[in-house]
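# Here is a sequence with its predicted model. Questions after.
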Amino acid sequence: MLLFGVLMLILMCCILNYDDIISPLLFPGPILFVKKFSYKDVKRATDGFHRIVYSNSHGAAYKAKFEGGEVALVKEVRAFDERKESFYREVQFLGRLHHRHLLALRGFSTGHKRLLVFDNIENGSLKEQFNDPLRTPLNWKARLQIAVGVAAALEYLLLFSNPPVYHISISSSNIMLDENYTAKLSDVGLLSTVGTYVKMPHSSCSEECLGQECGNIIFQLGVLILELITGQSSEQGGTDLIEWVQGSRLSSSIHMMIDPDLGNNYDSRELKKLLVIARLCIKSKNDPKFPVSLVFRYLQKKVHIPY
């Protein structure tokens, strides 16, 4: 019976055209079919690929508005070889990821570019939120929830994803906010590339993740927390913010660095604890001691934070 099912699947792929269907044979686990979007429709929805949300050496991400008003994030993917199987394997993998704080994959498209189509991004990126003076500033509670949400997504990706996630990039540019300002990571993947992505060579992060790979991921989380506190988006590794949080005069300079849009509407005790967590995360780049699960518990206030 199983053999018959496999043969029927292969026959379907032949009839429907391999490009129109993602073969579940590429990945073990439940059968998964992912929608193929018309390249022409995607190009029109992105205004000819001019609505750029962010761009890096691995490709660009675009805001798409389809006929009917549907909003989506479309990512161009460059980090693949010429074999279509590699791209389809990535699509199949991303389609299996399900978490409240990850952008859900809706489909893909192929043409002059290889594209991934993700769920809606009603409020754009965190960077847009920081940089647009016409937007209502994020309140303190929303900022805390973004930090907790990103940490929750990292715990899922590093501890519970099967197969493991090999690349995670965290920045205010690629963290999307839905209509409720819920944070959604958008820049994760499987295949080996170079650049700011982080390679995860192990299937579990419980012990192995205390190495350089997870140290880099947690470092990025620390920079993000500093951005949430100060309202300053940093795409250059956050050098100024890092020097500040590691400096000896941190306590006396907090009032000068905190985002003025917050005014006095924040909990000073929560702020100090958040700064301690950011400091621990920053140190993890060179001396990784804190697995993401522990950082997540710190942010949830479920365990005591070592000062």
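Sure, I can see it.
# For whichever helix or strand Ile277 is part of, buried residues please.
For Ile277, the enclosing helix or strand under DSSP states H and E is helix 268-283. By 16 or more other CB atoms under 10 Å, the buried positions in helix 268-283 come out as Leu271, Lys273, Leu274, Leu275, Val276, Ile277, Ala278, Arg279, Leu280, Cys281, Ile282, Lys283. Quick note: C-beta positions are derived from backbone N, CA and C, even for glycine.
# One more: stretch 141-155?
142-155.
# Pull the most distant pair out of those residues.
Spanning the widest gap among the buried residues of stretch 141-155 are Ala142 and Glu155, at 20.4 Å by CB to CB.
# thinking again about what came up before, following the helix holding Ile277, which helix or strand shows up next?
Assigned by DSSP H and E, the successor of helix 268-283 is helix 292-299.
# sorry, back to before: please save the CA atoms from the helix holding Ile277 in PDB.
C-alpha atoms of helix 268-283 as PDB (Å, rounded to 0.1, in the frame of the first residue of the first chain):
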ATOM      1  CA  SER A 268      12.700  50.700  36.400                       C
ATOM      2  CA  ARG A 269      13.200  47.300  38.100                       C
ATOM      3  CA  GLU A 270      12.300  45.600  34.800                       C
ATOM      4  CA  LEU A 271      14.600  47.900  32.900                       C
ATOM      5  CA  LYS A 272      17.600  47.000  35.100                       C
ATOM      6  CA  LYS A 273      16.900  43.300  34.800                       C
ATOM      7  CA  LEU A 274      16.600  43.600  31.100                       C
ATOM      8  CA  LEU A 275      19.900  45.300  30.900                       C
ATOM      9  CA  VAL A 276      21.500  42.500  32.900                       C
ATOM     10  CA  ILE A 277      20.000  40.000  30.500                       C
ATOM     11  CA  ALA A 278      21.300  42.000  27.500                       C
ATOM     12  CA  ARG A 279      24.800  42.100  29.200                       C
ATOM     13  CA  LEU A 280      24.800  38.400  29.700                       C
ATOM     14  CA  CYS A 281      23.800  37.800  26.100                       C
ATOM     15  CA  ILE A 282      26.500  40.200  24.800                       C
ATOM     16  CA  LYS A 283      29.100  38.300  26.800                       C
END
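# List the contacts of the closest residue to Leu221 other than its chain neighbours.
Leaving out its chain neighbours, the residue that sits closest to Leu221 by CB to CB, 6 or more residues apart in numbering is Cys281, at 5.2 Å. The contact partners of Cys281, by CB atoms under 8 Å, 6 or more residues apart in numbering, come to Ile218, Phe219, Leu221, Gly222, Val223, Ile225, Phe290, Val295.
# give me the beta-bridge partners of the closest residue to Phe37 other than its chain neighbours?
With sequence-adjacent residues excluded and distances taken as CB to CB, 6+ apart, Phe37 is closest to Ser109, at 4.3 Å. Using DSSP bridges, the bridge partners assigned to Ser109 are Leu115.
# avg pLDDT for stretch 214-223?
Here stretch 214-223 scores 88 as its mean pLDDT.
# Use 13 as the first number from now on
Fine by me, first position is 13 from now on; the one you just mentioned is stretch 226-235.
# Counting by contacts, list what whichever helix or strand Gly119 is part of packs against.
Using DSSP H and E, Gly119 falls within strand 117-122. If contacts are counted by 3 or more CB pairs under 8 Å, 6 or more residues apart in numbering; DSSP states H and E, strand 117-122 sits against strand 47-48, helix 51-57, helix 96-108, strand 126-130.
# just the angle between that strand and helix 96-108, please?
Orientation note: strand 117-122 sits at an angle of 160 degrees relative to helix 96-108 (axes from the mean of the first three to the mean of the last three CA atoms, to 10 degrees).
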